[in-house]
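K.L.:
just the structure for this:
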Amino acid sequence: MKSLNHKKLEYCLHFDSLQDNGSVVRRIDRATGEVHRVRVSIDDHDFKHRIQQVFPSVIADVIDLAVAIHASDRLTIQDPQQPQIQLKVVLPVRHPEILNKSTLNQQLCQLLYWATGKQWVFEFERRRQPGRSIENQPLICSFNPIVDEEVSLWSGGLDALAGLYDRLKQSPEKSFALLGTGSNDNTHRRQQEVFYSLQHLFPNRLALCRIPFDLSSHLEKNRFSRARGIVFMLLGSAYSYLRGHRVLHVYENGIGAINLPYRKSAIGLDHSRSVHPETLRRVGLLMTELIGENFKVRNPFLFHTKAEMMKSLAEDARIDLASQTSSCDSPHRKPQQPPQCGYCSSCILRKQAYAASQLEDKIPYIVPHGNPPAGDIRLYLENMLAQVAALRVHLMPSNQRADQWRALSQRFPELNDIVDRTHTEENITLLEMRHQLIRLFQSYVSEWDLVKPSLSEQFVRKDGSSVVDHISQVIIRKGLLNR
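P.N.:
Take a look at the predicted model:
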């Protein structure tokens with residue numbers, strides 16, 4: 001287990017055993033000495049659909065670990081402009097001999113550091129309390145693993161819908177088991193509504209497992225939570241295992257999954273690694289170590305833009321389905337205001353995908369349909385367009401793929417790491433993966449060339465000029481592409 005410098009330790013989080021009615025976590029603030037007791041809970045009764053007669057105790061530990069990560073990340077405040085923080089998590093589990101193994105413990109801490117930027121340390125104690133009712137409930141009716149079944153995460157968002165719709169159309173013989181989770185009632189409602197709409201179109205091919213969790217506290221919560229993707233994947237992996245599979249699928253467009261930095265000088269923007277290919281690889285390795293069997297987390301749409309993911313929806317003109325989803329990073333709940341902001345990176349990418357797919361976006365946004373906030377609403381669009389400009393320049397040195405990759409990876413060196421570490425997970429060669437990524441970014445740039453005039457009209461500056469005009473001037477004046 002990784003050593004901890006207690007002089008730098010900001011938080012300690014001690015969890016009681018997670019029971020049906022929840023449990024208590026004590027958050028100790030090392031700077032002030034204050035101790036706060038917070039209630040956490042999870043409803044995992046939907047995990048009753050499994051193939052094993054006895055509920056696997058190691059999977060119960062995976063569930064508890066996911067809840068502990070979620071609560072710890074939300075309860076430890078981190079300013080993205082400040083140096084990393086350290087936290088220690090003490091959690092009772094059924095198999096401390098597995099989770100305290102140095103190799104697994106190190107994998108877990110490195111995974112969370114990669115995703116959140118925080119330094120994590122875990123201490124796993126022997127659980128003394130009986131398990132939750134799902135663990136002790138006798139299996140009334142087991143089922144054989146469905147060979148041609150795909151287990152995937154279900155957020156109720158546009159990528160999840162577009163990916164699932166495409167998979168349903170392309171593989172008519174397959175059935176799909178979906179895992180929806182989270183702590184937001186609106187999200188749960190949306191997950192269910194979109195699922196029911198799909199179930200009507202594709203009867204007898206879909207199953208939905210919903211595992212809500214909750215964190216009840218008056219304390220300020222971390223607004224920059226970065227562990228959410230890992231929490232969801234751990235619960236999704238547990239569901240996949242219970243259904244007899246060793247693969248979990250995540251549907252996310254490649255641009256959002258890789259999430260390249262907008263500019264070298266951009267600080268404090270959203271560079272989440274929730275569904276980054278390296279995150280998927282590391283979660284798969286962690287699950288492999290936990291269960292003692294090979295486990296994978298895969299994204300079938302890594303080499304697709306959001307608009308390309310929506311192709312099947314566009315062909316069938318399923319605007320009604322897409323309109324039920326939400327993409328906003330910070331949904332608003334103000335009266336007489338649209339819930340989606342329209343100016344965060346996720347909203348803008350959603351608008352871009354609609355426009356590139358030649359679909360009418362019937363969703364109202366604060367920008368341009370409501371009253372915009374006092375702050376600068378152009379920040380994300382300006383940075384996204386600057387990134388597109390950089391991609392265009394570095395993809396144009398020649399028509400030779402080798403030259404294009406050299407230029408692209410010099411500007412975005414993280415692309416080399418992605419290819420080196422994950423090409424075997426994608427079951428392709430290094431060269432093939434490079435070519436796939438070049439094609440992905442070329443398609444993305446081409447889509448923006450088609451839609452940026454219409455999108456920029458929503459972000460007109462006070463002097464009447466568009467954001468596109470402003471970006472072009474800044475690029476020329478400051479050499480923004482190299483910053």
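K.L.:
ok, R318 - contacts?
P.N.:
Applying C-beta atoms under 8 Å, 6 or more residues apart in numbering, we find R318 in contact with Y165. No exception for glycine: its C-beta is placed from N, CA and C like everyone else's.
K.L.:
tell me what the lengthiest strand in the chain is packed against?
P.N.:
The longest strand of the chain (DSSP state E) is strand 206-216. Other elements packing on strand 206-216 under the criterion 3 or more C-beta pairs under 8 Å, 6 or more residues apart in numbering; DSSP states H and E are strand 35-42, helix 57-75, strand 175-182, helix 185-201, helix 228-242.
K.L.:
got the angle between the fourth one and strand 175-182?
P.N.:
In other words, helix 185-201. Between helix 185-201 and strand 175-182, the angle comes out at 170 degrees (axes from the mean of the first three to the mean of the last three C-alpha atoms, to 10 degrees).
K.L.:
any low-confidence regions in the stretch 151-300 of the chain?
P.N.:
Under the criterion pLDDT under 70, the flagged ranges of the stretch 151-300 of the chain are 263-271.
K.L.:
what do you get if the cut-off is 90, keeping everything else the same?
P.N.:
183-187, 216-225, 261-272 (pLDDT under 90).
K.L.:
give me the pLDDT for the closest residue to L18 other than its chain neighbours.
P.N.:
Nearest residue to L18 in three dimensions, chain neighbours excluded: D64, at 5.0 Å (C-beta to C-beta, 6 or more residues apart in numbering). For D64, the pLDDT comes out at 98.
K.L.:
quick one, what contacts D64?
P.N.:
15, 18, 91-93.
K.L.:
can you give me the strands in the protein?
P.N.:
Using DSSP E, strands in the chain cover 9-15, 23-29, 35-42, 86-93, 119-126, 149-153, 175-182, 206-216, 247-249, 296-298.
K.L.:
who wins for proximity to D329 among those strands?
P.N.:
strand 175-182 (14.3 Å; C-beta to C-beta).
K.L.:
still on that earlier bit, so for P261, which of the strands of the chain sits nearest?
P.N.:
strand 119-126 (22.0 Å).
K.L.:
give me the angle between that closest one and strand 9-15.
P.N.:
Going by the same axes, to 10 degrees, strand 119-126 makes 30 degrees with strand 9-15.
K.L.:
just the CA atoms of the longest strand of the chain, as CSV, please.
P.N.:
C-alpha atoms of strand 206-216 as CSV (Å, rounded to 0.1, in the frame of the first residue of the first chain):
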residue,chain,number,x,y,z
LEU,A,206,-33.9,-4.8,-23.7
ALA,A,207,-33.5,-5.0,-19.9
LEU,A,208,-32.9,-2.2,-17.5
CYS,A,209,-31.2,-2.5,-14.1
ARG,A,210,-31.3,0.7,-12.0
ILE,A,211,-29.0,1.1,-9.0
PRO,A,212,-29.6,4.5,-7.4
PHE,A,213,-27.3,5.8,-4.7
ASP,A,214,-27.5,8.8,-2.4
LEU,A,215,-25.3,11.1,-0.4
SER,A,216,-27.2,13.0,2.2
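K.L.:
leaving out the residues flanking it, which one is nearest to Y262?
P.N.:
Using C-beta to C-beta, 6+ apart, the closest residue to Y262 is N383 (3.7 Å).
K.L.:
what about the one you found, how many residues nearby?
P.N.:
Counted with other C-beta atoms under 10 Å, residues neighbouring N383 total 21.
K.L.:
try the one 4 residues further on
P.N.:
Q387: 22 surrounding residues under other C-beta under 10 Å.
K.L.:
and stretch 214-222, how far apart are its ends?
P.N.:
When the termini of stretch 214-222 are compared using C-alpha to C-alpha, to the nearest Å, they are 15 Å apart.
K.L.:
so how far is that stretch from its chain's centroid?
P.N.:
The chain centre lies 21 Å from the centre of stretch 214-222; the measure is C-alpha atoms, centre = their mean, to the nearest Å.
K.L.:
from the chain's centre, how far out does the biggest helix by length in the chain sit?
P.N.:
Counting by DSSP state H, the longest helix found in the chain is helix 430-456. Relative to its chain's centre, helix 430-456 lies at 21 Å (C-alpha atoms, centre = their mean).
K.L.:
same question for that helix, mean pLDDT?
P.N.:
96.
K.L.:
what comes up buried for it?
P.N.:
Residues of helix 430-456 classed as buried by neighbour count (16 or more other C-beta atoms under 10 Å): 433-438, 440-445, 447-448, 451-452, 455-456.
K.L.:
low-confidence ranges in the stretch 351-483 of the chain?
P.N.:
In the stretch 351-483 of the chain, residues with pLDDT under 90: 360, 362-363, 368-379, 396-399, 456-483.
K.L.:
okay, helices next: where are they in it?
P.N.:
Under the criterion DSSP state H, counting those that start in this stretch, helices of the stretch 351-483 of the chain are mapped to 366-369, 379-394, 401-411, 414-422, 430-456, 467-478.
K.L.:
so which of the ones you listed gets nearest G254?
P.N.:
Once the helices of the stretch 351-483 of the chain are compared by C-beta to C-beta, helix 430-456 is nearest, at 4.9 Å.
K.L.:
quick one: the closest one to helix 379-394, angle?
P.N.:
Going by the same axes, to 10 degrees, helix 430-456 makes 130 degrees with helix 379-394.
K.L.:
helices or strands up against helix 430-456?
P.N.:
By 3+ C-beta pairs under 8 Å, 6+ apart, helix 430-456 packs against helix 254-258, helix 345-356, helix 379-394, helix 401-411, helix 414-422, helix 467-478.
K.L.:
excluding chain neighbours, what is closest to Q86?
P.N.:
Q119 (4.3 Å).
K.L.:
can you give me the pLDDT of that neighbour?
P.N.:
95.
K.L.:
quick one: contacts for it?
P.N.:
Contacts of Q119 by C-beta under 8 Å, 6+ apart are 84-87, 109, 113.
K.L.:
for L153, same thing?
P.N.:
With the criterion set at C-beta under 8 Å, 6+ apart, L153 makes contact with 160, 178-180, 232-233, 236, 248-251.
K.L.:
please apply the same query to A402.
P.N.:
Applying C-beta under 8 Å, 6+ apart, no residues qualify as near A402.
K.L.:
separation between it and I438?
P.N.:
10 Å (C-beta to C-beta, to the nearest Å).
K.L.:
state the number of residues packed around R26.
P.N.:
Applying other C-beta under 10 Å, we find 14 residues neighbouring R26.
K.L.:
from what I can see it touches E34, true?
P.N.:
No - using C-beta atoms under 8 Å, R26 is not in contact with E34, being 10.6 Å away.
K.L.:
please name the bridge partners of the closest residue to L112 other than its chain neighbours.
P.N.:
Distance criterion C-beta to C-beta, 6+ apart; nearest residue to L112, sequence neighbours excluded, is W120 at 4.5 Å. With DSSP bridges applied, W120 shows beta-bridge pairing to L87.
K.L.:
touching, W120 and Q107? I think so.
P.N.:
No - at 11.4 Å, W120 does not count as touching Q107 under the criterion of C-beta under 8 Å.
K.L.:
thinking again about what came up before, run the chain-centre distance for the longest strand of the chain.
P.N.:
16 Å.
K.L.:
for it, which positions count as buried?
P.N.:
Buried residues in strand 206-216 (16+ other C-beta under 10 Å): 206-215.
K.L.:
partner strands of that strand, parallel or antiparallel?
P.N.:
By DSSP bridges, strand 206-216 pairs with strand 35-42 (antiparallel), strand 175-182 (parallel).
K.L.:
mind checking which of the ones you listed is nearest V388?
P.N.:
strand 175-182 (31.2 Å).
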